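Visitor: pasting the sequence and the predicted model now:
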Amino acid sequence: MKKQYVVFGAGRFGKSVAVTLQSRGCEVVVVDKDPEVIEDIADDVSYAICANVEDPDVFKDLGMKNLDGAIVAVTESLEASIVTTMMCHEMGIPRIFAKAKNEMHEKILRSVGATKVIYPEAEMGKRVAQYIVADNFADWIELSSKYSLVEMQVPAAWKNHTLQELQIREKYRLNVIGIRKKDVLEVTIDPKRRLDGDAVLIVVGENEALKQFQD
């Protein structure tokens, strides 16, 4: 059975989330008060509804009790954002992701039921900054305050060696979870396979351990 989500607010962030969820096989309902925005996204999601979330009757009409999650991407009106999050919580939606403008907004959203508060611009900015300073990494995704996932070119010193020989986990406190070469990604890795210099390693580890490969 397809997972079902509702996205409130179809601005740049909300639309991106909605379209991506739909492309991953989910059933997505988008709600926005702007008819032009709804018309623009209607063909890309399961349902697109033009409605003002500040009207409490909207939630009754949506029938949201069986949804797997809600994404509250409304931030132009703090009241609408807070009320929407609260209503989703009262209706028993198990996972509520809400976009916040600042720390005070975040505290309020959490107090009314948000399970995860998101700062899209700040998080993307942090990711871009990590990418800029990490010259040896093709990408850096922060998993928590302590751990990250990175894509890194096979270091010259590791070329033609096997993972078993290198003892990466023991020596560097890193876990190689995948190897990508061109467009082919392997996640079942032979520890005795010799590494190609043009391959990219998918690595998970502590941020402190990863920093040694930044220079």
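Guide: Received, thanks. Numbering: from 1, shown residues only.

Visitor: all strands for this protein, in order.
Guide: 4-8, 27-32, 47-50, 69-72, 96-99, 116-118, 137-142, 147-153, 174-181, 184-186, 200-206 (DSSP state E).

Visitor: let's have these in JSON lines, adding mean neighbour count.
Guide: Every residue, glycine included, has its C-beta placed from N, CA and C. Below are the strands of the chain laid out as JSON lines (neighbours: other Cβ atoms under 10 Å):
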{"stretch": "strand 4-8", "mean neighbour count": "24"}
{"stretch": "strand 27-32", "mean neighbour count": "24"}
{"stretch": "strand 47-50", "mean neighbour count": "16"}
{"stretch": "strand 69-72", "mean neighbour count": "26"}
{"stretch": "strand 96-99", "mean neighbour count": "25"}
{"stretch": "strand 116-118", "mean neighbour count": "17"}
{"stretch": "strand 137-142", "mean neighbour count": "17"}
{"stretch": "strand 147-153", "mean neighbour count": "19"}
{"stretch": "strand 174-181", "mean neighbour count": "16"}
{"stretch": "strand 184-186", "mean neighbour count": "11"}
{"stretch": "strand 200-206", "mean neighbour count": "19"}
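
Visitor: which one of these lies closest to residue 163?
Guide: Proximity to residue 163, assessed across the strands of the chain by Cβ to Cβ, is greatest for strand 174-181 (6.1 Å).

Visitor: just to revisit the earlier point, export the strands of the chain as TSV, with columns for distance to residue 60 and mean pLDDT.
Guide: Converted to TSV, the strands of the chain look like this (distance: least, Cβ to Cβ, whole Å; pLDDT from 0 to 100):
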stretch	distance to residue 60	mean pLDDT
strand 4-8	14	93
strand 27-32	13	93
strand 47-50	13	93
strand 69-72	15	94
strand 96-99	18	93
strand 116-118	25	89
strand 137-142	39	64
strand 147-153	42	83
strand 174-181	45	88
strand 184-186	45	84
strand 200-206	44	88
